[in-house]
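**Student:** need the 3D shape of this:
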Amino acid sequence: MIAGHTTDPTSTAAVVVVHRTLPGRRDEVRALWERHMAPAVQGNPGHLAYCYGLDVDDPDVITAFQLYRGADDASAFLDHPAYAVYERAVAPLLTGPPQVRRLTPIWIKDSTRPHPRSEDSAPPETSR
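**Tutor:** Sure, this is the predicted structure:
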């Protein structure tokens with residue numbers, strides 16, 4: 001379970017979005033995301049988790065992983081006014097539409113449980 005979220009993980013919805021920017025334009029896209037989308041995501045109770053990441057191996061790729069309370073929350077977020085502004089602003093900086101994958105989570109790490117000590121999770125020793 002996720003802190004503050006008690007439903008079955010399969011009732012949640014996840015979205016992975018991959019943007020490919022024009023060469024050398026990733027920082028501009030990131031700045032626009034930070035200006036328009038970060039506040040919208042932060043204030044959206046439908047988001048349980050959101051990770052905005054820069055690809056380590058490709059300097060022109062950005063990936064966002066989004067976890068929502070459910071599919072209705074994922075759909076509703078597309079109607080947020082900031083989303084339309086962001087889409088219009090970044091369109092000329094991208095090679096085309098983003099790749100979007102919708103997922104049904106089947107397991108989510110429980111952030112409310114303590115992490116096991118490293119010796120508790122180490123594989124058992126074998127005798128020689």
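
**Student:** please count neighbours and contacts with C-alpha atoms only from this point.
**Tutor:** Will do.

**Student:** what is the burial count for residue 13?
**Tutor:** 23 (other C-alpha atoms under 10 Å).

**Student:** and for the one 3 residues further on?
**Tutor:** As a burial measure, residue 16 scores 18 neighbours (other C-alpha under 10 Å).

**Student:** check which helices and strands the helix or strand encompassing it sits against.
**Tutor:** Here residue 16 sits within strand 13-20, counting by DSSP states H and E. Secondary-structure packing of strand 13-20 (3 or more C-alpha pairs under 8 Å, 6 or more residues apart in numbering; DSSP states H and E): strand 61-68, helix 71-77, strand 99-103.

**Student:** can you do 10 Å?
**Tutor:** helix 26-32, strand 47-54, strand 61-68, helix 71-77, strand 99-103 (3 or more C-alpha pairs under 10 Å, 6 or more residues apart in numbering; DSSP states H and E).

**Student:** make JSON lines from these and add mean pLDDT and distance to residue 19 to it.
**Tutor:** Shown next, in JSON lines, are the helices and strands packed on strand 13-20 (pLDDT from 0 to 100; distance: least, C-alpha to C-alpha, whole Å):
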{"stretch": "helix 26-32", "mean pLDDT": "98", "distance to residue 19": "9"}
{"stretch": "strand 47-54", "mean pLDDT": "96", "distance to residue 19": "10"}
{"stretch": "strand 61-68", "mean pLDDT": "97", "distance to residue 19": "5"}
{"stretch": "helix 71-77", "mean pLDDT": "93", "distance to residue 19": "18"}
{"stretch": "strand 99-103", "mean pLDDT": "95", "distance to residue 19": "7"}
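
**Student:** so which of the ones you listed gets nearest residue 9?
**Tutor:** Residue 9 lies closest, by C-alpha to C-alpha, to one member of the helices and strands packed on strand 13-20: strand 61-68, at 10.1 Å.

**Student:** on that earlier part again, dump the helices and strands packed on strand 13-20 into CSV; add mean neighbour count as well.
**Tutor:** Shown next, in CSV, are those (neighbours: other C-alpha atoms under 10 Å):
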stretch, mean neighbour count
helix 26-32, 17
strand 47-54, 16
strand 61-68, 19
helix 71-77, 15
strand 99-103, 13
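
**Student:** turn those into CSV, columns for distance to residue 39.
**Tutor:** Converted to CSV, the helices and strands packed on strand 13-20 look like this (distance: least, C-alpha to C-alpha, whole Å):
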stretch, distance to residue 39
helix 26-32, 11
strand 47-54, 12
strand 61-68, 15
helix 71-77, 13
strand 99-103, 21
